[in-house]
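> Show me how the following folds:
(2 chains)
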Amino acid sequence: MPAMNMIQALNSALDVMLGRDPNVLIFGEDVGYFGGVFRVTDGLQRKHGVTRCFDSPIGEAGIVGIAVGMGAYGLRPVVEIQFADYIYPAYDQIVSEAARIRYRSAGDFHVPLTIRTPYGGGIYGGQTHSQSPEALFTHVAGIKTVIPSNPIDAKGLLMSAIEDDDPVIFLEPKRLYNGPFDGHHEKPVQPWAKHPLSDVPEGYYTVPLGEAAVARPGRDLTVLTYGTMVHVAVAAAEEAGVDADVIDLRTLVPVDIKAIVKSVEKTGRCVVAHEATLTSGYGAELCALVQEHCFYHLEAPVQRIAGWDTPYPHAFEWEYFPGPKRVAQAMRRAMEK
Amino acid sequence: MRNRGRLSLRVPQPKHRPGDKADFSNVAVPPAGSVERPPVDVKARDIAGHAYSMIRVLDDEAKAVGPWNPRLDPEILHKGLRAMMLTRAYDDRMYRTQRQGKISFYMKSTGEEAASVAYALALERDDMCFPSYRQQGLLIARGYPLIDMMCQCYSNARDPMKGRQLPVMYSSRDYGFFTISGNLGTQFPQAVGWAMASAYKGDDRIAVSWIGEGATAEGDFHHALNFATVYRAPVILNVVNNQWAISSFQGIAGGEESTFASRAIGYGLPGLRVDGNDFLAVYAVAQWAAERARANLGATLVELYTYRAEGHSTSDDPSRYRPSDEWKAWPLGDPIDRLKRHLISIGAWSEQQHEALTEELTTLVKETQREVESIGTLADGSRAPTQSMFEDVFKDIPWHLSQQREQSGA
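Residues are numbered from 1 along each chain as shown, chains lettered A, B, ... in the order given. This is a model prediction of the structure:
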């Protein structure tokens, strides 16, 4: 099997799905001829034709509104929002429409829609190209939220998302597109080719939604995380000298509660880590779940590591980003008691 | 020294408020039959004038005149009249039912029945409608069971929406009626997307949507027009200009400086402005736009010029913000009365028949209501099983919802 980076893996997922299902079509800003600003749709228009993968006007609310109508017709649209930071104009169509149509019509209509969007920082994108808005979607009844952390999962999860009959927000950690990133921005960039999870099968396969993976098995404490922070947590465990059980949640809603409970019951300690701002972040939900399901197994308070509650500041990227040093500190705090 | 004048802020005001005499002398009403009917493959820019005029077929004597006369069989006119009258009888009954406290909410379409009924009859049965909340006439004209509409309003055990939606928020895939949203304007781009999907699949069905003139101020309206132009979507986009968005007159949506039909011009779409209370004109325009869409020539924006004869919903009192006799002064009359007079003028109807039909439909609605109330009302505890409130959030119930269902005791 060839090594693929995450861009190639996502591209392969879209290519396979376009080939398998004539109801799949892709559109978004710059995704057609050019192949997307991150190249995820590169070559798909040439291979599958202009009506299968095409450019859209710059209007995120329109893109999602159009896709909702297509989904109601019976297609499986896959749309790209160029940056997660640009998704807010589409919020009404996502929250009030895509997420609600099955419920409000009592199953008469449904919208099998996948919204792909690059999220997260680490690329000097400033406050409008670095945000992690996952909690704005996990809070909404009726949508699934998925975040991969490596090429094999990215491809398998995206194919599952496209086949899913519910709307899925598929957040792609853009800092992981070209290589795994452990938060040490001062070190040279590593390509995916050296990572075992870049061994991506060429054809069709799926990684089921709603199932977490163990990114690093350990006995001392549990880390609940996803996306870029999976790699940061693994690095932090080495640096802190903590035998961490790093759980890559992969799907945030519906979350794999069994995997969370199994790990926390084993370790009795827990760190929750994400790049998004702290207050009302998805980490708060994880802390609550751990408290509700594992209280009598906990030997120390759950530690939470997140982006600061500020916009993503361009020149202070690495002070903002919850890197391995901060995660390692949280691990040590969780190990103290 | 500055010699520039001071600026002042303009806030549009309607011509009349409660206590004033209603006066529509500023509304230009061209004579019926005076607007040209272009071929459907006309270039949008060549009929820009249509966006500022008004297509009318029925003249003051209720005669059908001019190039837009669709020359319909009396059978279709009878169908249209019956559906409009049934819509009005149903609206009147449901309004009273809300006032009796049996249902929580209601929205009448009085005076606007032609805007939906004429469309339902002009379209193919499987064309997909993306209505706003005031197009109940579509369901009635397409023969959707009245009992199911009423059960929806009662949120009772037979409510097809399982008690999840406010009254009037119907949905029926089988009758080509997309689920109604309470968030205004969202259906407009969705209709364009459905139409694009139909074109993508090489289907021959088209999509049709309705939006109020007030909601044209939403971004979704403009996205819909732009995407419809760019991808030449087979869709008909209707603005129902009924003059009032709750208490805001159409000037607050930007209707004073230009017509809503003229919004089409900047997008390169044909914009047709139609007498929305003229059943024949609405039918003819729907036919024209549908033919254009089916010929792969793209979308049409239609302004249906009409008047909301009643309040926005049962939650507002229109006498607080507009003259109570405004409806009587409305220069385009009542769509039911105009079609009735037309049918009489061609010898296909009579006052006696009209009275008998009014009686028949009133009885039908009453009997349906009796049947609905025998199934049950929300007040007496008839509704979908409580556990069903956890269904259809997703296709399959995930663990957290099944846990919450258990916790709820349902």
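> In chain B, what helix or strand scores lowest on average pLDDT?
helix B:326-329 (a mean of 92; mean pLDDT, DSSP states H and E).
> Figure out how far that helix is from the centre of its chain.
20 Å (Cα atoms, centre = their mean, to the nearest Å).
> Quick check: what element follows it along the chain?
helix B:335-345 (DSSP states H and E).
> Next, report how far that following helix is displaced from the centre of its chain.
Centre to centre, stretch against its chain (Cα atoms, centre = their mean), the figure for helix B:335-345 is 20 Å.
> residue boundaries of the helices in the stretch 151-300 of chain A?
A:151-163, A:228-240, A:257-267, A:282-294 (DSSP state H, counting those that start in this stretch).
> again, but for the stretch 201-350 of chain B
For the stretch 201-350 of chain B, the helices defined by DSSP H, counting those that start in this stretch occupy B:219-230, B:263-267, B:279-294, B:326-329, B:335-345.
> The biggest strand by length in chain A: which residues count as buried?
When chain A is parsed with DSSP state E, its longest strand is strand A:270-277. Buried residues in strand A:270-277, counted by 16 or more other Cβ atoms under 10 Å in any protein chain shown: A:Cys270, A:Val271, A:Val272, A:Ala273, A:His274, A:Glu275, A:Ala276, A:Thr277. C-beta: built from backbone N, CA, C; applies to glycine.
> As CSV, these with distance to B:Phe394 and pLDDT would be great.
Shown next, in CSV, are the buried residues of strand A:270-277 (distance: Cβ to Cβ, whole Å; pLDDT from 0 to 100):
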residue, distance to B:Phe394, pLDDT
A:Cys270, 27, 98
A:Val271, 30, 98
A:Val272, 25, 98
A:Ala273, 27, 98
A:His274, 23, 98
A:Glu275, 27, 98
A:Ala276, 23, 98
A:Thr277, 27, 98
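> tell me which of these is nearest to chain B?
A:Val272 (17.5 Å; Cβ to the nearest Cβ).
> Okay, that closest one and A:Val261: tell me how far apart.
According to Cβ to Cβ, to the nearest Å, A:Val272 stands 14 Å off from A:Val261.
> contacting residues for residue 101?
You didn't say which chain, so I picked chain A. A:Val68, A:Ala72, A:Phe109, A:His110, A:Val111, B:Thr179 (Cβ atoms under 8 Å, 6 or more residues apart in numbering or on different chains).
> Please refer instead to chain B.
Counting by Cβ under 8 Å, 6+ apart, B:Gly101 has contacts B:Ala379.
> what do you get for B:Ala51?
By Cβ under 8 Å, 6+ apart, the neighbours of B:Ala51 are B:Thr259, B:Ala261, B:Ser262, B:Ala264, B:Ile265, B:Gly271, B:Leu272, B:Arg273, B:Glu303.
> closest to A:Gly62 among those residues?
Proximity of these to A:Gly62 (Cβ to Cβ) peaks at B:Ala264, which lies at 16.5 Å.
> count of residues packed around B:Ser315?
Neighbours of B:Ser315 under the rule other Cβ atoms under 10 Å in any protein chain shown: 12.
> Identify the residue spatially nearest to it, adjacent ones excluded.
B:Phe105 (6.9 Å; Cβ to Cβ, 6 or more residues apart in numbering or on different chains).
> Dump the contacts of B:Ala51 to JSON lines, plus pLDDT and distance to B:Tyr52.
Below are the contacts of B:Ala51 laid out as JSON lines (pLDDT from 0 to 100; distance: Cβ to Cβ, whole Å):
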{"residue": "B:Thr259", "pLDDT": "98", "distance to B:Tyr52": "6"}
{"residue": "B:Ala261", "pLDDT": "98", "distance to B:Tyr52": "7"}
{"residue": "B:Ser262", "pLDDT": "98", "distance to B:Tyr52": "6"}
{"residue": "B:Ala264", "pLDDT": "98", "distance to B:Tyr52": "11"}
{"residue": "B:Ile265", "pLDDT": "98", "distance to B:Tyr52": "10"}
{"residue": "B:Gly271", "pLDDT": "98", "distance to B:Tyr52": "9"}
{"residue": "B:Leu272", "pLDDT": "98", "distance to B:Tyr52": "11"}
{"residue": "B:Arg273", "pLDDT": "98", "distance to B:Tyr52": "7"}
{"residue": "B:Glu303", "pLDDT": "98", "distance to B:Tyr52": "10"}
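> Pick the one among these closest to B:Asp220.
The nearest one, if we look at these relative to B:Asp220 and count by Cβ to Cβ, is B:Ala264, at 15.8 Å.
> mind checking how far the closest residue to that closest one other than its chain neighbours is from chain A?
Closest residue in space to B:Ala264, ignoring its immediate chain neighbours: B:Gly271 at 3.0 Å, by Cβ to Cβ, 6+ apart. Applying Cβ to the nearest Cβ, to the nearest Å, one obtains 19 Å for the distance of B:Gly271 from chain A.
> who does B:Gly271 bridge with?
B:Leu301 (DSSP bridges).
> where do the strands sit along the chain?
Picking chain A for this. Under DSSP E, chain A gives strands at A:24-28, A:53-55, A:76-80, A:114-119, A:144-146, A:168-173, A:213-216, A:221-225, A:244-248, A:251-253, A:270-277, A:303-307.
> Wait, chain B was what I had in mind.
Going by DSSP E, chain B shows strands at B:128-130, B:207-212, B:235-241, B:244-245, B:248-249, B:271-275, B:300-305.
> Output those in CSV, with mean neighbour count appended to each entry.
Shown next, in CSV, are these (neighbours: other Cβ atoms under 10 Å in any protein chain shown):
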stretch, mean neighbour count
strand B:128-130, 28
strand B:207-212, 29
strand B:235-241, 30
strand B:244-245, 21
strand B:248-249, 19
strand B:271-275, 28
strand B:300-305, 29
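> In chain A, which residue is most central in space?
For chain A, the residue nearest the mean C-alpha position is A:Ile147 (1.7 Å; Cα atoms, centre = their mean).
> Any chance of the backbone angles for that one?
As for A:Ile147, its main-chain torsions (degrees, to the nearest 10) stand at phi -140, psi 110.
> ok, it - contacts?
A:Tyr119, A:Glu134, A:Phe170, A:Leu171, A:Glu172, A:Pro173, A:Tyr226, A:Gly227, A:Leu249, A:Arg250, A:Thr251, A:Leu252.
> which one of those residues is nearest B:Thr229?
For these, the nearest to B:Thr229 is A:Phe170 (29.1 Å; Cβ to Cβ).
> Any stretches of the chain with poor pLDDT?
Using chain A. A:1 (pLDDT under 70).
> Not quite, go with chain B.
B:1-2.
> Find the centremost residue of it, please.
Closest-to-mean residue, chain B, Cα atoms, centre = their mean: B:Gln135 / 3.8 Å.
> my read: that one touches B:Ala118, true?
No: contact status for B:Gln135 versus B:Ala118: not in contact, 11.4 Å apart, counting by Cβ atoms under 8 Å.
> Enumerate every residue touching B:Ser324.
Residues near B:Ser324 by Cβ under 8 Å, 6+ apart: B:Pro18, B:Pro318.
> Surely the residue nearest to B:Ser315 touches B:Asp316?
No: assessed by Cβ under 8 Å, B:Phe105 is found out of contact with B:Asp316, at 11.3 Å.
> how's chain A carved up into domains?
As given by automatic domain parsing, the domain ranges for chain A are A:6-198, A:213-336.
> that older thread, would you tell me which of the strands of chain B gets closest to A:Ile94?
strand B:128-130 (17.8 Å).
> tell me how far that closest one is from the chain's mean position?
11 Å.
> my guess is A:Asp153 contacts A:Leu249, does it?
No: judged on Cβ under 8 Å, A:Asp153 makes no contact with A:Leu249 at a distance of 11.0 Å.
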